[in-house]
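# got a predicted model here, sequence first, then my questions.
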Amino acid sequence: MLGAIILGLVGFGAAVLSLDFFSDTLIDYVEQQVEGGIFAQLLSGALGPSLFLRMLLPLAVAFMGSMIVVSALSAIGSVLSYGGFKVRRRGSRIEVERGLLQRRTQGVDIDRVQLLRVQHGWIRRKLGYCKVLVGRIDSVAGEDNSNGSASAMASEGMVVHPFLRTSDLPAFLEGLMPELTYSCDVSVRPAPRARGRAVRRHGLVYNWGFWCLIACLLCTAGALVAVALVSPRYLGAAVRMAVTASPLVLVLLAVMSVGMVRGAKWHAGSRLEYGGGFIHLVNEGFSCEEVVAPRCKVQYSTVRENPFQNRAGLATACFTTAAGVGGRSEKIWDLDLQDAEAFQEHLRPRR
């Protein structure tokens with residue numbers, strides 16, 4: 001994001017330097033437009049709002065149509081991929097068979113399973129269902145990677161149930177993977193004073209709407225400065241054009257607001273549980289992801305503090321297993337420093 005902003009500033013500087021070469025042509029073109037063209041209408045205030053209103057309905061219809069098409073294609077892809085799904089346990093192996101057009105069979109020994117991942121997507125969660133995966137020690141070379149999907153499959157894990165009722169999850173695990181039936185003794189949550197940090201992180205720092213808003217404001221400011229340098233008398237028309245795009249700012253502010261609500265939900269529902277030989281990590285939001293890992297499968301753990309967390313007495317607790325290709329790290333932000341250190345002490349090797 002920062003690189004894009006710097007690139008935009010450099011581009012704006014180059015544009016300002018090139019105005020000396022194109023100013024005469026630009027002024028002639030603007031004068032022709034003012035004599036009866038688009039700028040004359042902008043100056044009179046007749047075009048801006050009506051232009052936006054004429055564009056609003058087609059854009060909204062196109063957006064909704066594209067969302068419906070993407071959702072339909074995603075649903076069809078899921079049906080083709082997981083149709084005829086079967087999972088069974090044979091001795092120490094878990095075997096999965098799925099697919100309508102292309103039948104695929106996968107298997108993993110329970111000793112290679114590093115963690116259990118339960119994903120409650122937004123739609124699945126509303127319906128009371130979840131997706132269950134197991135993270136295993138994997139290798140891209142061991143899959144059919146001719147279509148480039150092996151790397152993504154290895155990173156996500158092996159699906160052992162694509163659409164399981166959440167209330168049936170304990171019985172499902174007990175029947176298929178009793179080795180991963182967990183019970184934890186200690187439960188910690190993000191510190192209460194970290195709520196504002198969570199809201200800012202999801203609503204600003206990691207929110208694409210915020211960075212798009214910054215880019216729009218910089219581009220608008222650059223355009224107004226360029227017009228002021230070339231021909232100040234047309235600055236009013238440029239301002240009216242900028243105001244015409246103001247609904248875009250409202251959309252980006254709405255995206256940021258959704259991110260802030262997600263941050264508040266993350267802070268309220270996320271937790272880290274450990275003890276009894278297992279780790280149970282929950283990251284909440286509009287969707288939810290749970291990770292269960294046996295303590296003996298953890299490769300290493302870390303407690304991280306950035307300067308802002310250090311000042312507030314907070315830390316990020318991380319642990320890494322051998323799941324996927326090259327391992328995978330799981331983390332929870334903004335625990336109280338004492339809670340994070342106690343968790344790391346729990347994972348410390350013991351003789």
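Everything's here; your move.
# what ranges does the stretch 201-350 of the chain have for its strands?
Using DSSP state E, counting those that start in this stretch, the strands found in the stretch 201-350 of the chain span residues 271-275, 278-283, 288-294, 298-304, 314-321, 328-336.
# how about low-confidence regions in the stretch 51-200 of the chain?
51-57, 139-155 (pLDDT under 70).
# and the strands of the stretch 201-350 of the chain: which comes nearest residue 93?
Nearest of those to residue 93, taken as Cβ to Cβ: strand 288-294 at 17.8 Å. C-betas here are computed from N, CA, C, even on glycine.
# that closest one to strand 328-336, inter-axis angle?
110 degrees (axes from the mean of the first three to the mean of the last three Cα atoms, to 10 degrees).
# for strand 288-294, give the mean pLDDT please.
The predicted model gives strand 288-294 an average pLDDT of 92.
# so what strands line up beside it?
The strands beside strand 288-294 in its sheet (DSSP bridges) come out as strand 113-120 (antiparallel), strand 278-283 (antiparallel).
# show me the contacts for residue 308.
residue 197 (Cβ atoms under 8 Å, 6 or more residues apart in numbering).
# over to residue 194?
For residue 194, the contacting residues are 267, 312, 314, 333-334, by Cβ under 8 Å, 6+ apart.
# ok, for residue 329, nearest residue in space, not its chain neighbours?
residue 320 (4.5 Å; Cβ to Cβ, 6 or more residues apart in numbering).
# ugh, wrong one, I meant residue 190
Nearest to residue 190 is residue 334, by Cβ to Cβ, 6+ apart, at 4.5 Å.
# in the protein, which helix is the longest?
helix 48-82 (DSSP state H).
# past that one, which element shows up next along the chain?
strand 86-90 (DSSP states H and E).
# tell me how far residue 185 lies from residue 342.
Distance of residue 185 to residue 342, given as Cβ to Cβ, to the nearest Å: 12 Å.
# cool, residue 335 as well?
With Cβ to Cβ as the criterion, residue 335 and residue 342 are 9 Å apart.
# common neighbours of those two, please.
By Cβ under 8 Å, 6+ apart, the residues touching both residue 335 and residue 342 are residue 188.
# looking at those two, which is more packed in?
residue 335 (26 against 15; other Cβ atoms under 10 Å).
# coming back round to it: dump the contacts of residue 194 into CSV; add pLDDT as well.
CSV is the format used below for those (pLDDT from 0 to 100):
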residue, pLDDT
267, 94
312, 90
314, 93
333, 93
334, 92
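# could you break this protein into its assigned domains?
2-72+194-258, 83-190+270-347 (automatic domain parsing).
# of those, flag the one that's most buried.
Sort the domains of the chain by mean neighbour count, taking mean count of other Cβ atoms under 10 Å, and domain 83-190+270-347 sits at the top with a mean of 16.
# how far does that one stretch from one end to the other?
For domain 83-190+270-347, the first-to-last residue distance is 40 Å (Cα to Cα, to the nearest Å).
# ok, now stretch 191-205?
Counting by Cα to Cα, you get 19 Å between the two ends of stretch 191-205.
# can you give me the offset of it from its chain's centre?
Here the centre of stretch 191-205 is set off from its chain's centre by 16 Å, with Cα atoms, centre = their mean, to the nearest Å.
# circling back: show the contacting residues for the residue nearest to residue 190.
190-191, 194, 197-198, 267, 309, 314-316.
# make it 7 Å
190-191, 194, 197-198, 309, 314 (Cβ atoms under 7 Å, 6 or more residues apart in numbering).
# can you lay out those residues as JSON lines showing distance to residue 90 and secondary structure?
Formatted as JSON lines, the contacts of residue 334 follow (distance: Cβ to Cβ, whole Å; DSSP: H, G, I helix; E, B strand; the rest coil):
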{"residue": "190", "distance to residue 90": "41", "secondary structure": "strand"}
{"residue": "191", "distance to residue 90": "46", "secondary structure": "coil"}
{"residue": "194", "distance to residue 90": "46", "secondary structure": "helix"}
{"residue": "197", "distance to residue 90": "48", "secondary structure": "helix"}
{"residue": "198", "distance to residue 90": "44", "secondary structure": "helix"}
{"residue": "309", "distance to residue 90": "47", "secondary structure": "helix"}
{"residue": "314", "distance to residue 90": "46", "secondary structure": "strand"}
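# residue 136: which of those residues is nearest?
Closest to residue 136, out of all of the contacts of residue 334 and judged by Cβ to Cβ, is residue 190, at 29.6 Å.
# residue 344 against residue 303, yeah?
Yes. In this structure, residue 344 is within contact of residue 303 by Cβ atoms under 7 Å, at 5.2 Å.
# you'd agree residue 291 is up against residue 331?
No. Between residue 291 and residue 331 there is no contact under Cβ under 7 Å: 10.1 Å.
# on that earlier part again, can you check which of the strands of the stretch 201-350 of the chain gets nearest to residue 95?
Of the strands of the stretch 201-350 of the chain, nearest to residue 95 by Cβ to Cβ is strand 288-294, at 20.7 Å.
# what's the angle between that closest one and strand 271-275?
Using the same axes, to 10 degrees: strand 288-294 against strand 271-275 is 20 degrees.
# ok now strand 288-294, how far from the chain's centre?
18 Å.
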